[in-house]
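>>> Any chance you could fold what I've pasted below:
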Amino acid sequence: MKLVSIAALAVALAAGSAMAAAPVVAPIATAPAGLKPLAMTIGGRVQQKDGDYTYQWPGTYFDTAFEGQAVYFKVGKGDEILHVTVDGQASAPMVKPAPGLYGVEGLSKGKHTVRIEVVTESQAAPDTFGGFSVAADAKPVALKARARQIEFIGDSHTVGYGNISTTRDCTTDDVWKTTDNSVAFGPVTARHYDADYQINAISGHGIVRNYNGFAGDPVPVAYPYVLLSHDTQYQDAAWQPQIIVIALGTNDFSTPLNAGEKWKTRDELHADYEATYGQFLKDLRARNPKAFFILWATDMADGEIAAEEKKVADQFKASNDNRITFIPFSGLQMTGCHWHPSAGDDQTISKALVGFIDAHPDLWQGK
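Residues are numbered from 1 along each chain as shown. Coordinates of the predicted model:
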């Protein structure tokens, strides 16, 4: 518990500040009578059915607002870590919560905002959320729509793989526990601009080749769908990001080619990567005709990743599409699990992105 001095408390009270306690989330054995659903906004891709929202891409979040003293929500089946914030104050993380009804009760009278944020990755299976509800005497409050939208496409670096770990040596369970997408560079950048965001990334997957050649859909193959099972294509006319940030190539090039892979030489892999990435960008452009693309890469793999991704950006620009740039990164500490970016590195990446965007305010297209 953080201690606050009497002097500091006096200053805060003198300034008219209210020091809100952290919300307490508790399971609800018996639902209060007369609960009514609350409208919400959703960040990320979800499949809705019978009041449940199924999702699998990382960084999904649910926002709502109301006037009352309690809010309730349903958690479905799935292994995940949830962050719950009420009026900007975070509760203790919900780690692998059991399915059921949960509530935050005893809130002060007045209006409140609530966010539930999924901070873990769920490649193995989707998770579900059952929506928010309030008591009969509470009132819904309309959320102001955000004008800005930004999308992040990538691999484990975009997911935030093991980014809050204190060691590079991690078990599979350690990675799961220390992956916190809420402090990865994407959400950090989006919050800076009060923008809605999507995180469409899969750890270990690349443009044409996954890490060390393991089987599975490369990101461009999985990208068009709501879930990794390819059940439903993603379509949302309201999702029109002004900026799309992409980092893909680490898994394509960070390991040597193995016997039996379809590329016999590095040159063949480069050619396939460049052609497939170029087509992926063309497909993204067809869906997002006004969006600006920011490609970025680290200096890992002796610069091979950055060189190839820059080549893709240059080729795309040469096709008479100037709404693209490439940003190289060097000097990241990589102290997260298995030499991944740490939360500190995420701040460094975000600052560079913010610096570029601020230098080009037209990217928000007047938003």
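>>> And the residue nearest the centre of the chain, how far from Asp345?
By C-alpha atoms, centre = their mean, the chain has its centre lying nearest to Gly59, at 3.0 Å. Counting by C-beta to C-beta, to the nearest Å, the separation of Gly59 from Asp345 is 17 Å. Where C-beta positions appear, they are placed from N, C-alpha and C, glycine not excepted.
>>> Likewise for Ala271?
Ala271 is 31 Å from Asp345, by C-beta to C-beta.
>>> Mind checking which of those two has more residues around it?
Taking neighbours as other C-beta atoms under 10 Å, Ala271 and Asp345 compare with Asp345 leading, 22 against 13.
>>> give me phi/psi at the more buried one?
Here is the backbone geometry of Asp345 (degrees, to the nearest 10): phi -60, psi -40.
>>> got the contact list for it?
163, 332-336 (C-beta atoms under 8 Å, 6 or more residues apart in numbering).
>>> Top of those residues by number of neighbours, please.
Top of the contacts of Asp345 by neighbour number is Gly336, holding 29 neighbours under the definition other C-beta under 10 Å.
>>> Show me the chain divided up by domain.
Residue ranges for the domains of the chain, per automatic domain parsing: 22-140, 149-364.
>>> List of residues touching the longest helix belonging to the chain?
The helix that spans the most residues within the chain, counting by DSSP state H, is helix 266-287. Identification of contacts with helix 266-287 by C-beta under 8 Å, 6+ apart yields 206-209, 218, 220, 223, 244, 248-249, 252-253, 257, 263, 291, 293, 308-309, 311-312, 315-316, 321, 324.
>>> mind listing what the helix or strand immediately after that helix in the chain pairs with, with the direction of each?
Next helix or strand after helix 266-287 toward the C-terminus (DSSP states H and E): strand 292-297. Strand 292-297 sits in its sheet next to strand 243-247 (parallel), strand 324-328 (parallel), going by DSSP bridges.
>>> which is the next helix or strand following the first one?
Elements were assigned by DSSP H and E; along the chain past strand 243-247, the next helix or strand is helix 250-253.
>>> Where do the helices of this protein begin and end?
For the chain, helices defined by DSSP H occupy the ranges 6-14, 156-159, 172-178, 185-192, 219-222, 250-253, 266-287, 304-318, 343-359.
>>> returning to what we had before: can you put the domains of the chain in a markdown table and add mean pLDDT?
Below are the domains of the chain laid out as a markdown table (pLDDT from 0 to 100):
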| stretch | mean pLDDT |
| --- | --- |
| domain 22-140 | 96 |
| domain 149-364 | 98 |
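>>> Around Pro220, how many other residues sit close by?
When neighbours are counted by other C-beta under 10 Å, Pro220 registers 20.
>>> Surely it and Arg209 touch.
No - Pro220 is beyond contact range of Arg209, at 11.7 Å (criterion: C-beta atoms under 8 Å).
>>> quick one on the thing from earlier: columns distance to Arg287 on top of the contacts of Asp345, output as CSV?
Output for the contacts of Asp345, formatted as CSV (distance: C-beta to C-beta, whole Å):
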residue, distance to Arg287
Asn163, 29
Leu332, 30
Gln333, 35
Met334, 33
Thr335, 36
Gly336, 31
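>>> Which ones among those residues map onto strands?
Per DSSP state E, strands hold no members of the contacts of Asp345.
>>> before we move on, back to that, how about the longest helix of the chain: buried residues?
Applying a neighbour-count criterion of 16 or more other C-beta atoms under 10 Å, one finds 269-270, 272-274, 276-278, 280-281, 284-285 buried in helix 266-287.
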